[in-house]
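Asks: sequence unavailable; structure follows:
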């Protein structure tokens, strides 16, 4: 009986060790995937920052004004001023609760 318990304990130890070994490598693989994803996220954030800087550079008012003047004949682009905008009271609103709330706000501001 004693030998059977020793054998059973040995089998349990081997099974626990193999399970621990397997779980350890699964955790290491998961950590490697997380690290790779973190690196990819950082690269993408860097690309987003560069694109944001490029967008800001390309949308400089003086550059857009020069382009509008250069291509005026083809595009008929004009500088924007306050006369190009409508008042909120000129916009037809649906007859629901939101429309009524907006109309009350507009009435208070006028």
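Replies: Great, that's in hand. These numbers come from a predicted model, not from an experiment. Numbering: from 1, shown residues only.

Asks: flag the shaky bits of this structure, pLDDT-wise.
Replies: 110 (pLDDT under 70).

Asks: for it, longest helix please?
Replies: Scanning the chain for the helix with the most residues, using DSSP state H, yields helix 2-58.

Asks: please parse this structure into its domains.
Replies: Listed domain ranges for the chain are 2-79, 86-110 (source: automatic domain parsing).

Asks: so how far is residue 76 from residue 53?
Replies: From residue 53 across to residue 76, the span is 31 Å (CB to CB, to the nearest Å). No exception for glycine: its C-beta is placed from N, CA and C like everyone else's.

Asks: repeat for residue 103
Replies: Per CB to CB, residue 103 is found 35 Å from residue 76.

Asks: which of these two has more neighbours?
Replies: Between residue 103 and residue 76, counted using other CB atoms under 10 Å, residue 103 has the larger neighbour count: 14 against 8.

Asks: what's the distance between that one and residue 85?
Replies: Look at residue 103 and residue 85: by CB to CB, they are 19 Å apart.

Asks: likewise residue 3?
Replies: Using CB to CB, we find residue 3 at a distance of 93 Å from residue 85.

Asks: ditto for residue 78
Replies: Going from residue 78 to residue 85 by CB to CB gives 14 Å.

Asks: got it, and residue 45?
Replies: Applying CB to CB, the value for residue 45 to residue 85 is 36 Å.
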